[in-house]
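Visitor: Whatever this is, show me its structure:
(2 chains)
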There are 2 protein chains.
Amino acid sequence: MTTCRSVVQKFCFGFAVAGMAASLTCSVVAQSADRPYGNPADTFQPGIAGFTFHKKTLDETLEVMKKVDVHYLCIKDFHLSLNSTDEQIQAFHEKCAKYDVKGYGCGPIYMGSEDAARKAFEYAKRCGVKILVGVPYEDQIVDGKKQRVGSRKLLEYIDKLVKEFDIKYAIHNHGPDMPLLFPTADNAYEMIKDLDPRVGLCMDIGHQLRFNYDPVESFRKYHDRVFDLHLKNVTDNSKKGGAIQLPRGKINLVEMVKVLREFKYSGICSLEYERDFNDNLEGVAECIGYFRGLMDATR
Amino acid sequence: MTTCRSVVQKFCFGFAVAGMAASLTCSVVAQSADRPYGNPADTFQPGIAGFTFHKKTLDETLEVMKKVDVHYLCIKDFHLSLNSTDEQIQAFHEKCAKYDVKGYGCGPIYMGSEDAARKAFEYAKRCGVKILVGVPYEDQIVDGKKQRVGSRKLLEYIDKLVKEFDIKYAIHNHGPDMPLLFPTADNAYEMIKDLDPRVGLCMDIGHQLRFNYDPVESFRKYHDRVFDLHLKNVTDNSKKGGAIQLPRGKINLVEMVKVLREFKYSGICSLEYERDFNDNLEGVAECIGYFRGLMDATR
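Guide: So this is what the prediction gives:
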């Protein structure tokens, strides 16, 4: 008869703030303990991928997140630069905590060299997150012009970094628009399957469908290496598919949530809502509401 | 893998406009044929109770409805006065049709006399709707002051009007704030159960819970007389329960949607979102998204 989300949130707000203070001291947040929001029966929660609000300030982003009752943010560089000082990072987290929001990961961060990769890991460590969403590439001349190409060589260096930092690395797939730069989760998986199990995927389910790959089946295949998920819907299972509110696209999100439950996905489902960037509050709210409906009805 | 809502909508937009023109000629819209939106497997759809936008103009209301992809509006008098001319009513419907919105019912309309009741039915007929949501009362001196009290006597006159107009009459329950004026659906049902089967209920599930009555069980009891439903959630199962976004309140809306499906409820679930009236787009969007999630996950 009742839902306990509000009760859990009330209880956990103090906890979250306390946890944040701890994380700023040791620079590392224990992942298992810092997912206190929502129904205790859920292994995953909705979040926001920073890119959704790339035209908003951090304050505006947090205001929206408060309105829609979402507590996990994947930090993008326009909200917290890679060059931030420790004091700036602390101020960022303190501001988030005021809105009951936790920056749970960083990225996607594009990295084209070993130096850039190390810098990204150092940033993630200083941010106190355990997930770094990344796009490791090398420049190559393809069809007569310099292009970014997904780099196995750089991944072999990243394999060492995940061991050194104990931070998970999640490759973001880009769909048919960037056929050389991890177009699919499948392509990324092929390049990381023999690496450290902390090298995995941030599965963008929209780009999977835009490549005409069923994201439900993709998750089923690669679930043990999916550390983050870009939640979205798209209008078509082809390159022409554009962003649309979650209830209105071609991805069957009921089945998506069911497969997340089946495999007890323990990451965040971060909404990346890529339309109406200047005025997306309604769209974000509809999407988050929809996702919560699916979660509640499949529990 | 795909949802067919957008396809159905595209197909039916023309239909809706054509149907509207027909309704203005004959003043009656065939109910079974005019629910063309959404998944064909659904017997009910989300709508908007006009009161949600009582601080908005009709244009603003329709803009929001377009944004959240909702196509049914229960018409309130502040958007279309009971004294409207036929031309004004036609202009109202034409404006709605531009936004792909159908005014499917009128009300709630308070009526304290036979004349007022007849005027409301004539208005509903001129509006071309088949559902009139009403609050039939008589003034009585209670506790030393004049108060509105739910009127069986007036309902006996309304019993004649539903026969004369062939328009369904749905009593709105008001919860613990108005203990004399249909506080519960149960109270209303007791007063209409021996009347024409076209006299029934607009079940406000929030007010039911605020009276500590489980709206799921209430619907189960009275489903054959529920013609309209005010969709909402509330923070408590007592008088102190206030409006809250659908995912965050005490009504178990998963079970609510399941019971609507069980009895093949064939009305509209009209969102009556009673907070942040000056700035409720986010709340409305979150609510509608949530309801669609529940619908999709329970189909």
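Visitor: who's in contact with the closest residue to chain B within the stretch 51-200 of chain A?
Guide: Closest approach of the stretch 51-200 of chain A to chain B (C-beta to the nearest C-beta) occurs at A:K67, with a separation of 5.0 Å. Where C-beta positions appear, they are placed from N, C-alpha and C, glycine not excepted. For A:K67, the residues meeting the contact criterion (C-beta atoms under 8 Å, 6 or more residues apart in numbering or on different chains) are A:L281, A:A285, B:E282.
Visitor: what about the last one, which helix or strand?
Guide: Put plainly, it is B:E282. helix B:281-297 (DSSP states H and E).
Visitor: next one: A:R220
Guide: Since the elements are taken from DSSP H and E, A:R220 ends up inside helix A:215-222.
Visitor: Contact partners for the residue nearest to A:E286 when sequence neighbours are not counted?
Guide: Take A:E286 and drop its neighbours on the chain: the residue closest to it by C-beta to C-beta, 6 or more residues apart in numbering or on different chains is B:G289, 3.8 Å away. Contacts of B:G289 were listed using C-beta under 8 Å, 6+ apart, and they are A:245-247, A:285-293, B:68.
Visitor: What of A:T52?
Guide: A:T52 is in contact with A:L271, A:E272, A:Y273, A:E274, A:N280, A:V284, counting by C-beta under 8 Å, 6+ apart.
Visitor: Could you rerun that using 7 Å?
Guide: When contacts are counted by C-beta atoms under 7 Å, 6 or more residues apart in numbering or on different chains, A:T52 touches A:L271, A:E272, A:Y273, A:N280, A:V284.
Visitor: for A:A49, same thing?
Guide: If a contact means C-beta under 7 Å, 6+ apart, then A:A49 has A:C74, A:H230, A:S270, A:L271, A:E272 as its contacts.
Visitor: Write the ChimeraX selection for whichever of those residues are buried.
Guide: Command for ChimeraX that selects the buried part of the contacts of A:A49, burial taken from 16 or more other C-beta atoms under 10 Å in any protein chain shown:
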select /A:74,230,270,271,272
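Visitor: Mind picking the two most distant members of the contacts of A:A49?
Guide: Considering C-beta to C-beta, no two members of the contacts of A:A49 lie farther apart than A:C74 and A:L271, which are separated by 9.9 Å.
Visitor: Distance of the residue lying closest to A:H207 once chain neighbours are set aside relative to A:A188?
Guide: Setting aside the residues directly before and after it, A:H207 is nearest to A:G175 in space (C-beta to C-beta, 6+ apart), at 3.0 Å. A:G175 sits at a distance of 12 Å from A:A188 (criterion: C-beta to C-beta, to the nearest Å).
Visitor: The two: which is more packed in?
Guide: Regarding A:G175 and A:A188, a neighbour count based on other C-beta atoms under 10 Å in any protein chain shown identifies A:A188 as having more, with 28 against 21.
Visitor: Residue numbers of the stretch 101-250 of chain A in contact with chain B?
Guide: Where proximity means C-beta under 7 Å from any C-beta of the partner chain, the interface of the stretch 101-250 of chain A facing chain B comprises A:D214, A:L246, A:P247, A:R248, A:K250.
Visitor: any chance of these in JSON lines, plus pLDDT and distance to B:A170?
Guide: Formatted as JSON lines, the entries for those read as follows, by pLDDT from 0 to 100; distance: C-beta to C-beta, whole Å:
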{"residue": "A:D214", "pLDDT": "97", "distance to B:A170": "44"}
{"residue": "A:L246", "pLDDT": "98", "distance to B:A170": "32"}
{"residue": "A:P247", "pLDDT": "97", "distance to B:A170": "27"}
{"residue": "A:R248", "pLDDT": "95", "distance to B:A170": "30"}
{"residue": "A:K250", "pLDDT": "97", "distance to B:A170": "37"}
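Visitor: Quick one: residues in contact with stretch A:158-175.
Guide: When contacts are taken as C-beta under 7 Å, 6+ apart, the neighbours of stretch A:158-175 outside the stretch itself are A:108, A:117-118, A:121, A:124-125, A:130-136, A:181-185, A:188, A:192, A:195-196, A:198-204, A:207-208, A:210-211, A:227-228.
Visitor: for stretch A:97-112, that is, sorry about that
Guide: Counting by C-beta under 7 Å, 6+ apart, the neighbours of stretch A:97-112 from elsewhere in the structure are A:13, A:16-17, A:20, A:34, A:47, A:62, A:65-66, A:71-75, A:77, A:93, A:96, A:117, A:120, A:123-124, A:127, A:129, A:131-139, A:148, A:172, A:202, A:228, A:268.
Visitor: Can you flag which of these belong to strands?
Guide: When the contacts of stretch A:97-112 are checked against strands using DSSP state E, the ones located there are A:47, A:72-75, A:131-139, A:148, A:172, A:202, A:228, A:268.
Visitor: Can you turn the buried part of the contacts of stretch A:158-175 into a ChimeraX selection?
Guide: What follows is the ChimeraX syntax for the buried subset of these, where burial is set by 16+ other C-beta under 10 Å:
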select /A:108,117,118,121,124,125,130,131,132,133,134,135,136,181,182,183,184,185,188,192,195,198,199,200,201,202,203,204,207,208,210,211,227,228
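Visitor: Closest to chain B out of the contacts of A:A49?
Guide: A:L271 (11.2 Å).
Visitor: What residues are bridge-paired with that closest one?
Guide: Taking DSSP bridges, one finds A:I48, A:L231 as the beta-bridge partners of A:L271.
Visitor: ok, it touching A:I288?
Guide: Yes. Under the criterion of C-beta atoms under 7 Å, A:L271 is in contact with A:I288, at a separation of 6.5 Å.
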